[in-house]
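> I'll drop the sequence and a predicted model, then ask my questions.
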Amino acid sequence: MKYDLTKLTIDEKISLLVGANSMTTSDANGKVRPVQMCDGPLGLRTGPKHPATPKTVDPTTGETIPVSPVAMPATNVLANTWDPTLTFSLAAAIADDCLDHQRDLLLAPGVNIKRTPVCGRNFEYFSEDPFLTGTLARAYIQGVQSKGVGTSLKHFCANNAEYDRQAISSEVDERTLREIYLTPFEIALEAKPWTVMCSYNRVGGIYASENPWTLKEILRDEFGFDGIIISDWGATHNATLAAKATLDLTMPYQKEHLDNLRAAYSAGILTEEEINERAQKVLLLSEKAAAPKHSPTTTPKERHEIAVKAAKAGIVLLKNEDGILPLQKNKIFVCGKNALLGAPTGGGSSAVWTTFKPTPLHQLLQEKLGSDAFVSYLPCHDRGAIGSAILNAPAVYKAAYGADVTLLCVGNDGKLEFEGGDREYLRLPKVYEDLIDTTAKYTKNLVVLVYAGSAIDMSAWIDKVKGVVFVGFAGEGANEALAALLTGEANFSGKLSETFPLDLNDTPVGAMKGNNGFVERYLEGVFVGYRHYDEQAKEVLFPFGHGLSYSQFVYSDLTVEKTGKLAYEVSYTVTNLSSVDGEEISEVYVRDVFASVSRPPKELKGYSKDLIKAGESKRIHIPLNARSFAFYSVALKKWTVENGDFEILVGPSSRILPLQTKLKIEDAPHPYSEP
Ligand code: GLC
């Protein structure tokens, strides 16, 4: 060890348990290397005036200018790629920004499950499904840490809405907590994140920052996490109780926390041994941060290209009636400020300052389609003025009437989706719905590009348009990605990582108004997302796993081979019948036909993304293990597989599963036997 605890005084050791300021750990009177932290999941959050911001000379003006990090697609768009390899690359690129900006630890990824589509931070999170969330987060952590930069797996745990987040108590039954809300952490921990960040809320009445059950019994003892547990910023209420629950580091600096710890030590409430245990962990963090860092292997421009690539893979083609896309070389009208300025992002600590100036979408479309096409543009309202009347409405409708295809850029921004608040509704702002309604009176060839951080209820207008593209908060590369996708230069491959319901009232939770004041009861149990809509046999607007392509894929030849005790290999063939090369995300679900507990009709237990060239086929193999069939038995206090009938379902989305087969499991250990 580089740092020797015995060389520190008790007060220096106590100082390690609280941050030195907003983003740095203590240096224990100059004896320990402080750790420089930074947000967030969408890229490095910093600013032009930060002392570590690199500078460069502007080739056109000759002036010295700050170099900004890259604003990557939001996590909701990254999740729509279903691509761990791409996730690794994106995260590694963010880590290169951290290296250039001298940061040691990135406060990401966020793995909170999208229990409700109205949660204001959903754009920072992956999915409604724990398996998809965990496997992508694992790749994200591996990507960042491959550069010697640390991560913070957050927010632990059951932090699934923003209202009252500092006080609310998440009341979740243990089986649901483990199967839905802890599984993403369990899977992501395989990547050994340097830190785990506790959440603001209470879990079962006790703050997550001082909850011995979740922090010590589950996270440390059961999951085997041997890294550092840090608080969310301001989430510690009693630093001594937090330390006793094995939280190591309270962020940010607040004198009251140091006073609390010193007083507890002086009163004998907090022992030196307890302080040493926590301080040793913080020293471990400094050790890791002090280790030789890798040099960045990407340039800022290459990082931007990764942002474009991730946007191309994460933007989802939801509807394409009459093959209105890809665009042809004719008259195209583009409307909306997002075309000019690029994709907005959500509000809060994950927002990334970038100096990147996107080329307007209409200009890129004109360039790609060439002089046989005529692409025009009009704004429809001022950026950030969502809700204001449509600018120059008559001109907008006239342009739409005269065009062969009209693209409307609509959606939310950081004023509607943000940290610290939840949406009141799922629909687009009324001004946008009115724009779509009226424009549809002048043209049937309407394509709506939707920018948002989570599901949008499009039921009011979906039948009035031929095309819908979910752009999400697709980062600084959004316009380049869209221009390639809309013209067919690139093919869509993204699929939804969350259900798009038909109505807020169809969701398991409805509007977030809480229950009994400061308690949020998770009454729906494990039936979250598609698990809920399937169990209720409820129609949805677009199902979990849905996404269209310019290619046409068919599925065949499903086989399931036993490869060991409670181990199987699912194999199937995907064929591209079209003349367009494409990447297909295939999805494998498991159904427990007769269980002793209520289980969802199916659960995602495997997926694969494969490039399948025009006219070609690919044989795909997905492993299943005991956990693929298990539920958590609270009575037996363990994950349990019950012998009996199961079904394996394979297809392009959770609601289109053309390949199905039965499977009888007979070698599961008797539930009452030893684990
Ligand atoms: C915020 C967020 C957390 C972020 C931290 C530091 O409140 O909850 O995700 O990393 O504080 O900004």
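Good, I have the coordinates.
> Okay, helices next: where are they in the stretch 101-250 of the chain?
Counting by DSSP state H, counting those that start in this stretch, the stretch 101-250 of the chain has helices at residues 130-145, 174-176, 183-188, 212, 239-244.
> list the helices and strands the first one packs on?
So that's helix 130-145. Counting contacts by 3 or more Cβ pairs under 8 Å, 6 or more residues apart in numbering; DSSP states H and E, helix 130-145 is packed against helix 75-79, helix 84-100, strand 150-156, helix 183-188, strand 603-612. The way it works is simple: take the backbone N, C-alpha and C, and place the C-beta from them, glycine included.
> Now those in TSV, please, with extra columns for distance to the ligand.
Output for the helices and strands packed on helix 130-145, formatted as TSV (distance: least, Cβ to the nearest ligand atom, whole Å):
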stretch	distance to the ligand
helix 75-79	12
helix 84-100	14
strand 150-156	6
helix 183-188	15
strand 603-612	26
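> Let me see the domain layout of this structure.
Here the domain assignment for the chain is 5-290, 303-535, 553-665, based on automatic domain parsing.
> Pull up the distance across the first one, start to finish.
By that I understand domain 5-290. Criterion Cα to Cα, to the nearest Å; first-to-last residue distance in domain 5-290 is 16 Å.
> okay if I get the helices of the stretch 101-250 of the chain as CSV plus mean neighbour count?
CSV is the format used below for those (neighbours: other Cβ atoms under 10 Å):
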stretch, mean neighbour count
helix 130-145, 25
helix 174-176, 18
helix 183-188, 23
helix 212, 15
helix 239-244, 24
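> Tabulate those (TSV), appending mean pLDDT.
Shown next, in TSV, are the helices of the stretch 101-250 of the chain (pLDDT from 0 to 100):
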stretch	mean pLDDT
helix 130-145	99
helix 174-176	98
helix 183-188	98
helix 212	98
helix 239-244	98
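> Is it possible to get TSV of those that adds distance to Leu548?
TSV is the format used below for these (distance: least, Cβ to Cβ, whole Å):
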stretch	distance to Leu548
helix 130-145	19
helix 174-176	33
helix 183-188	27
helix 212	48
helix 239-244	48
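> Output the set of residues of the stretch 251-400 of the chain in proximity to the ligand.
Ser349 (Cβ under 6 Å from any ligand atom).
> still on that earlier bit, averaging pLDDT over each of the domains of the chain, which comes out lowest?
For the domains of the chain, mean pLDDT drops lowest on domain 303-535, to a mean of 94.
> Which residues are in contact with Thr9?
Asn29 (Cβ atoms under 8 Å, 6 or more residues apart in numbering).
> Would you mind measuring from it to Thr271?
Taking Cβ to Cβ, to the nearest Å as the measure, Thr9 falls 16 Å from Thr271.
> which residues touch the closest residue to the ligand within the stretch 251-400 of the chain?
Residue nearest to the ligand within the stretch 251-400 of the chain: Ser349 (3.6 Å; Cβ to the nearest ligand atom). For Ser349, the contact set (Cβ under 8 Å, 6+ apart) comprises 39-40, 45, 107, 233, 419.
> right, so the helices and strands packed on helix 130-145: which one is the most enclosed?
Of all those, helix 75-79 has the most neighbours on average by mean count of other Cβ atoms under 10 Å, namely a mean of 30.
> could I get it in CSV with only the CA atoms?
Written as CSV, here are the backbone C-alpha positions of helix 75-79 (Å, rounded to 0.1, in the frame of the first residue of the first chain):
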residue,chain,number,x,y,z
THR,A,75,-28.1,6.6,-21.3
ASN,A,76,-31.6,6.0,-22.5
VAL,A,77,-30.3,6.2,-26.1
LEU,A,78,-27.2,4.1,-25.2
ALA,A,79,-29.5,1.4,-23.8
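> distance between that helix and the chain's centre?
5 Å (Cα atoms, centre = their mean, to the nearest Å).
> Which residue comes closest to Gly314 once chain neighbours are left out?
The shortest distance from Gly314 to any residue other than its chain neighbours is 3.7 Å, reached at Val77 (Cβ to Cβ, 6 or more residues apart in numbering).
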